[in-house]
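>>> sequence and predicted structure below; questions after.
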Amino acid sequence: QVQLVESGGGLVQAGGSLRLSCAASGRTIRTYAMGWFRQAPGKEREFVATISWNGGITYYADSVKGRFTISRDNAKNTVYLQMNSLKPEDTAVYYCAVATSTATIRRGEYDSWGQGTQVTVSS
């Protein structure tokens, strides 16, 4: 069983940047697609970005396209989410997860979720 630990969240002003990390332990994630999701208070958990096992394929939610970048370092068993031009509506708990198959936007096709990291963007 893989354990995922997200870090890098915090409080930032609108227009600022943060880089989230998702470190995996227990097993390698280098052969798995990975994804980032987020959940704001009172809302459903929503897809943010996904990356294929070798980084060759990425998908983004329309709301973050052009501002967020997902990447991975398989040697470090870590996935990243670079978030630029942050907006107050990006405020949420951000989760990473391991895909059961290919890179996908569908939440049901992920398992092994992390505990999340809080991102708060002030206006």
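That came in fine, so what should we check first?
>>> what does stretch 31-50 contact?
Identification of contacts with stretch 31-50 by Cβ atoms under 8 Å, 6 or more residues apart in numbering yields 20, 22, 51-53, 57-61, 64, 68-70, 72, 79, 81, 90-99, 101-107, 110, 116, 119. Backbone N, C-alpha and C define where each C-beta goes, glycine included.
>>> could you find the closest non-adjacent residue to the most centrally placed residue in the chain?
With distances taken as Cα atoms, centre = their mean, Trp36 lies nearest the centre of the chain, 2.4 Å away. In this structure, Trp36 finds its nearest non-sequential neighbour in Val48, 4.3 Å apart by Cβ to Cβ, 6 or more residues apart in numbering.
>>> beyond the helix or strand containing that neighbour, next helix or strand please.
Following DSSP states H and E, one finds Val48 within strand 46-51. Following strand 46-51 in sequence order, the next helix or strand is strand 58-60 (DSSP H and E).
>>> list of residues touching that following strand?
Contact partners of strand 58-60, identified using Cβ under 8 Å, 6+ apart, comprise 48-52, 68, 70, 103-105.
>>> turn these into CSV, including neighbour count, distance to Gln13 and pLDDT.
CSV is the format used below for those (neighbours: other Cβ atoms under 10 Å; distance: Cβ to Cβ, whole Å; pLDDT from 0 to 100):
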residue, neighbour count, distance to Gln13, pLDDT
Val48, 25, 20, 98
Ala49, 26, 22, 98
Thr50, 26, 28, 98
Ile51, 25, 28, 98
Ser52, 17, 33, 97
Phe68, 22, 17, 98
Ile70, 24, 23, 98
Ala103, 21, 32, 90
Thr104, 17, 33, 92
Ile105, 15, 29, 91
